[in-house]
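> How does the following fold in three dimensions:
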Amino acid sequence: MLSERRQRVLRALIEDYIEYALPVGSRTLTERHRLGVSPATVRNDLSALEDAGFIQQPHTSAGRVPTDAGYRTFVDELLSSGLAEEERPHPAMMDELRGAACELDTLMERTSAALARLTDCLSIVMAPSVFAGRIRQITLVSLSVWQAIIIVVADDGQVANRTVSFSEEVTSDELAAAQNLLNRLLVGQSARDVRRSLDASAIEALRDPLVQLVIDEVVECLGVSDGNRAHSLGISSLLRQPEFSDAKALLPVMEVLEDDEVLLHTFDDTVEGESPVMVRIGRENPASELAGISIVACSYGRGDSEGVVAVIGPTRMNYGNAIRAVRAAQSVLCDD
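Got it, this is the predicted structure:
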């Protein structure tokens, strides 16, 4: 447990490092902040904070920089202060977005652009996911004895469809029987749970190759529907950050974020967690390639079907601004 003075010293160091991207020393802290103590006392506090793992010294003659643990303490203080719940920042952004777009995809695109501009980070806005809603109906429409269209309707009205080809002839009666079985099996379930509940042994128990094939295609068409409904902007903003001035440093991050499975797993805590804002810092991220970035995200939507709005930047991001920005975007998207 940090003393109140050391909390102030840590907060001041992090704020300076976020602002200037340079290691911070004791004299700089006493000159820029009214800490009420001498540089010698601040030096002792910095040594204690370093021993506790909140800051580190990149070079023997340099000042200190925050660690992931230091950022976590800083962010938890921001969240506990009520920042994520009470402040409603960027009213101009909210007014602009409310009056500019009627359709969700357009609103998502404009929201993503505004987030990138306001935070200097990569922004991602994902549409309410078919995977998060519950399946209302599955329909199989025969095109021929060799092909059919699978149509999946979620309880919020979203629709996903996919054409499936058969290796053997399938009659209309066989297709109708498969449709009835699938509706008895899947209607009312969360579409996200289809992957989890229908494992290989459950599918094998059905002993119907046609049903197995259609279930695989249902999962696939829902995945394609989700993957095509994410808007992201701001890569150029990341490239302007000192941490990513060499584009090669950003490449592993982008490769991981382009993997749909990793992206969905990255935001699982946002949709399923109880906290209004998820902040994941550095090595808290599920993929090792994301150890140099932080993610601030929250969900939006109604009922079980929720989308995600997020900003992604270096661990040295302005967390207060990022939290306020995603909360404002959440308000705009929820009002749509």
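
> ok, and Leu29, which helix or strand is that part of?
Using DSSP states H and E, Leu29 sits in helix 26-32.

> what does the average pLDDT come to for that helix?
When pLDDT is averaged along helix 26-32, the result is 92.

> After it, which helix or strand is next?
helix 39-51.

> moving C-terminal of that following helix, what's the next helix or strand?
Next element after helix 39-51 (DSSP H and E): strand 55-56.

> what sits up against the helix holding Leu29?
9, 12-13, 16, 35, 37-40, 42-43, 46, 63 (C-beta atoms under 8 Å, 6 or more residues apart in numbering). Where you see a C-beta, it was placed from the backbone N, CA and C, and this is true even at glycine.

> Selection in PyMOL covering whichever of those residues are buried, please.
If you want just the buried ones from those in PyMOL, going by 16 or more other C-beta atoms under 10 Å, the selection is:
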select buried, resi 9+12+13+16+35+37+42+46+63
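
> Closest to Leu333 out of the contacts of helix 26-32?
Asp16 (33.5 Å; C-beta to C-beta).

> Would you enumerate the residues in contact with the residue sitting nearest the centre point of the chain?
The centroid of the chain falls nearest to Phe267 when counting by C-alpha atoms, centre = their mean (4.0 Å). Contact analysis of Phe267 by C-beta under 8 Å, 6+ apart lists Met126, Met278, Ala297, Val308, Ala310.

> I'd like these laid out as CSV, including neighbour count.
CSV is the format used below for these (neighbours: other C-beta atoms under 10 Å):
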residue, neighbour count
Met126, 26
Met278, 21
Ala297, 24
Val308, 28
Ala310, 27
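
> Any chance of a markdown table for those, columns distance to Ile135?
Converted to a markdown table, the contacts of Phe267 look like this (distance: C-beta to C-beta, whole Å):
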| residue | distance to Ile135 |
| --- | --- |
| Met126 | 20 |
| Met278 | 26 |
| Ala297 | 26 |
| Val308 | 21 |
| Ala310 | 26 |
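
> Max pairwise distance over those residues: which two?
Across these, no pair lies farther apart than Met126 and Met278, at 13.3 Å, counting by C-beta to C-beta.

> Let me know how buried Pro58 is, in neighbour terms.
Neighbourhood size, Pro58 [other C-beta atoms under 10 Å]: 9.

> follow-up on the earlier one: between the contacts of helix 26-32, which is nearest Ala291?
Leu13 (21.0 Å).

> Please name the nearest non-neighbouring residue to that closest one.
Excluding the flanking residues, the one nearest Leu13 by C-beta to C-beta, 6 or more residues apart in numbering is Val24, at 4.8 Å.

> For the one you found, give me its contacts.
Going by C-beta under 8 Å, 6+ apart, Val24 touches Leu13, Asp16, Tyr17, Gly63, Arg64, Val65.

> Which of those residues fall in helices?
Among the contacts of Val24, DSSP state H puts Leu13, Asp16, Tyr17 in helices.

> I'd like the residues you listed as JSON lines, with distance to Ile138 appended.
Shown next, in JSON lines, are the ones in helices among the contacts of Val24 (distance: C-beta to C-beta, whole Å):
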{"residue": "Leu13", "distance to Ile138": "56"}
{"residue": "Asp16", "distance to Ile138": "57"}
{"residue": "Tyr17", "distance to Ile138": "53"}
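
> in the sheet, who's paired with the residue nearest to Leu13?
Assessed by DSSP bridges, Val24 has beta-bridge partners Arg64.

> how about the strands in the stretch 201-336 of the chain?
Secondary structure of the stretch 201-336 of the chain (DSSP state E, counting those that start in this stretch): strands at 230-233, 278-281, 293-302, 305-314.

> Indicate which one of those strands is closest to His59.
The nearest among the strands of the stretch 201-336 of the chain, by C-beta to C-beta, is strand 305-314 at 19.1 Å.

> who are the neighbours of the closest one, in terms of helices and strands?
Applying 3 or more C-beta pairs under 8 Å, 6 or more residues apart in numbering; DSSP states H and E, one finds that strand 305-314 contacts helix 104-119, strand 122-126, helix 235-239, helix 268-272, strand 293-302, helix 319-335.
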